[in-house]
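J.: okay, here's the prediction I keep looking at, along with the sequence it came from:
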Amino acid sequence: MTTLGRLGLGRLGLGRLGLGRLGVWSPIDRLDAAGLRRLAAVVEDLGYGALWYPEARGYESFTAAGFLLAASRRMVVGSSIANIYARDAFTARRGMLGLNALHGGRFVLGLGVSNPGNVEALRGHVFAPPVPAMRAYLDALHGDAGDAGEWPVALGAVGPRMLALAGARTRGALPYSVTPAHTAMAAGILGPGRWLAVEQKVCLETDAARARALGRAELARHMALPADRANWLRLGFSEDDLRDGGSDRFIDAMVLWGEADRIRAGVRVHFAAGATHVCLQPLADPADPAGRERVLRLLADC
């Protein structure tokens with residue numbers, strides 16, 4: 001048996017892994033190797049505890065994690081989320097174990113069910129009911145390990161049933177595009193001792209029209225996804241709020257914009273509601289390549 005095969009997750013000390021107070025959520029598919037290195041260096045040098053990235057139609061999730069871990073020294077790198085239809089549970093388990101063995105226990109495996117377009121049209125799988133599909137995946141991922149609930153695994157959960165599964169079977173939840181009211185609800189469902197790592201879009205733009213335009217552009221691809229719309233309706237938004245790119249009320253709830261102090265105050269509301277970690281997703285004008293980095297620099301002390 002290889003050295004890796006003999007290592008148990010407990011031997012790697014993964015139960016002690018912490019995320020810190022603040023992290024960064026960033027898309028990565030449009031970045032080349034130099035851009036990924038720059039992103040990792042900026043996030044780590046600014047003192048953020050974790051860098052979170054999605055799995056869409058570009059970089060494969062574990063490949064990206066390995067590169068970002070190699071480009072950093074201290075920060076946690078987390079998938080948010082790795083699509084459960086992209087690899088079987090045995091592969092995910094060995095990938096998680098391998099990345100942590102090779103990079104000092106700094107990888108969090110964030111799992112999610114994605115959406116029917118990315119599962120059926122793109123990959124040729126059948127999109128199953130989300131909660132039963134995730135429960136079966138976790139059964140296979142954990143196998144007969146007695147300490148599986150403390151592995152560095154979290155779920156991209158927003159609905160009550162998926163949040164309950166996250167609290168019962170993983171280290172916690174990674175909600176995306178939610179409000180402080182959702183954070184309070186999620187904290188109550190997860191219970192004490194679980195991660196609640198909330199993604200929050202932030203924009204250092206004081207002009208309301210420009211800030212909302214950036215927010216609408218970022219949220220456009222999500223507006224057509226039934227699961228996202230269902231969650232927003234559950235949070236009290238109306239169908240009218242979700243038409244034509246989103247009402248001002250909706251966009252203002254999804255994006256913290258304005259002066260840095262106003263954004264810092266909004267982030268504190270998530271912590272007061274029960275978040276254990278907030279992942280800032282910076283929004284900036286695409287014509288300003290340094291814009292996102294500037295946002296991160298000014299908000300590193302949230």
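T.: That came through, no problem.
J.: relative to Pro282, how far out is the residue nearest in space to the middle of the chain?
T.: Within the chain, one residue has its C-alpha closest to the average C-alpha position: by Cα atoms, centre = their mean, that is Ser80, at 3.5 Å. When Cβ to Cβ, to the nearest Å is the yardstick, Ser80 and Pro282 sit 15 Å from each other. Every residue, glycine included, has its C-beta placed from N, CA and C.
J.: how close does the residue nearest to the centre of the chain get to Ala65?
T.: Note on Ser80: its distance to Ala65, by Cβ to Cβ, is 11 Å.
J.: shared neighbours of the two, anything?
T.: With contacts defined as Cβ atoms under 8 Å, 6 or more residues apart in numbering, the residues shared by Ser80 and Ala65 are Tyr53.
J.: secondary structure class of Leu256, three-state.
T.: Secondary structure for Leu256, judged by DSSP: H, G, I helix; E, B strand; the rest coil, is strand.
J.: so it sits against Val269, correct?
T.: No. With the criterion set as Cβ atoms under 8 Å, Leu256 and Val269 do not qualify as a contacting pair; they are 9.2 Å apart.
J.: between these two, which one's more packed in?
T.: Neighbours per residue (other Cβ atoms under 10 Å) separate Leu256 from Val269, with Leu256 holding more: 25 against 17.
J.: which residues touch that one?
T.: Contacts were defined as Cβ under 8 Å, 6+ apart; by that measure Leu256 touches 200-203, 262-263, 266-267.
J.: same check, this time on Glu239
T.: Contact partners of Glu239, counting by Cβ under 8 Å, 6+ apart, are Leu233.
J.: could you check how many residues crowd around Ala208?
T.: A count of nearby residues for Ala208, using other Cβ under 10 Å, gives 13.
J.: now do the contacts for it.
T.: Listed by Cβ under 8 Å, 6+ apart, the contact set of Ala208 reads 248, 257.
J.: longest strand of this protein?
T.: Of all segments of type strand in the chain, defined using DSSP state E, the longest is strand 195-203.
J.: let me know the next secondary structure element after it.
T.: Using DSSP states H and E, the helix or strand that follows strand 195-203 towards the C-terminus is helix 208-219.
J.: quick one on the thing from earlier: for the contacts of Leu256, which two are the farthest from each other?
T.: Pairwise distances across the contacts of Leu256 (Cβ to Cβ) peak at 13.8 Å, for the pair Lys201 and Arg262.
J.: who's more crowded, the two?
T.: In this view Lys201 and Arg262 are compared by other Cβ under 10 Å, and Lys201 has more residues nearby, 21 against 12.
J.: how near is that one to Val178?
T.: 11 Å.
J.: how about Leu296?
T.: Using Cβ to Cβ, we find Leu296 at a distance of 21 Å from Val178.
J.: the one helix or strand Arg38 maps to packs against which elements?
T.: Element membership of Arg38, judged by DSSP H and E, is helix 33-45. Applying 3 or more Cβ pairs under 8 Å, 6 or more residues apart in numbering; DSSP states H and E, we find helix 33-45 packed against strand 50-53, helix 61-70, helix 291-299.
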